[in-house]
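Engineer: using only what follows, build the 3D model:
(one chain, ligands or ions: 1)
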Amino acid sequence: MYAVERACFGREGWGILEILDALLFSTVHLKAVIKDQVVGVVIGEAQPLQGYGWIATLGVLPEFRRQGIGARLLAAAEAQLAQPRIKLTVRRSNIPAVNLYRRCGYHEIQIWEHYYPDGEDGVVMEKITAATTADTVATDDTSTRQDHS
Ligand SMILES: CC(C)(COP(=O)(O)OP(=O)(O)OC[C@H]1O[C@@H](n2cnc3c(N)ncnc32)[C@H](O)[C@@H]1OP(=O)(O)O)[C@@H](O)C(=O)NCCC(=O)NCCS
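Structural biologist: Numbers count the residues shown, from 1 in each chain. I've put the predicted structure just below:
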């Protein structure tokens, strides 16, 4: 997962401690594996009291992109989060990711100005799902990681 984070986000990728925190406390952490190689990851957190799930990070190794892996990871995470709404943030300039999220049913709901370390705005996107709050699972995650997605 560390390798995928670095390949996808460079120096902004999560470090070992953030990854351990995510693996221990996040509601959903899924990987895509091809021939024993981890080629994509997604991490999500359910916030059932607020009635939504949050996609914290999603990444696919460059050489495995445009094969539907990102969309499949996202769909699997949404299903496991099982919340009425799923939210995430994305850089305004990240056209591949914005396109992926739009294609998967997300729409923009808010702008977080200067959210990223270089000052770029974060676009908050949301998807309304068919899940009901009765399907939700509680979490006590208190992470302060900066999310990529
Ligand atoms: C964003 C990312 C996860 C997409 O993963 P992927 O496996 O390539 O995505 P998919 O193959 O499932 O693509 C699904 C759709 O997303 C859109 N999309 C994906 N990559 C795109 C690109 N480079 N340009 C334009 N649209 C793109 C397309 O609509 C695509 O459907 P199509 O291939 O039928 O046209 C991947 O590019 C990535 O890891 N980027 C770096 C990390 C990142 O930015 N993560 C998101 C943080 S918010």
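Engineer: where exactly do the strands run in this protein?
Structural biologist: Along the chain, counting by DSSP state E, strands occupy 28-34, 37-47, 52-60, 85-91, 107-112, 122-128.
Engineer: what residues does the chain put near the ligand?
Structural biologist: Contact residues, the chain versus the ligand (C-beta under 6 Å from any ligand atom): 8, 58-60, 65-71, 90, 94-97, 99-100, 103, 148-149. No exception for glycine: its C-beta is placed from N, CA and C like everyone else's.
Engineer: which ones among these map onto helices?
Structural biologist: Applying DSSP state H to the residues of the chain next to the ligand, the entries found in helices are Cys8, Ile69, Gly70, Ala71, Ile95, Pro96, Ala97, Asn99, Leu100, Arg103.
Engineer: deepest in the core, which of the strands of the chain is it.
Structural biologist: strand 52-60 (a mean of 26; mean count of other C-beta atoms under 10 Å).
Engineer: got the angle for it vs strand 28-34?
Structural biologist: 20 degrees (axes from the mean of the first three to the mean of the last three C-alpha atoms, to 10 degrees).
Engineer: wait, what's in contact with Gly40?
Structural biologist: With contacts defined as C-beta atoms under 8 Å, 6 or more residues apart in numbering, Gly40 is in contact with Val4, Lys31, Ala32, Leu58, Gly59, Val60, Leu61, Phe64, Ile69, Gly70, Leu73.
Engineer: residue in this protein nearest to the ligand?
Structural biologist: Residue nearest to the ligand within the chain (C-beta to the nearest ligand atom): Gly70, separated by 2.5 Å.
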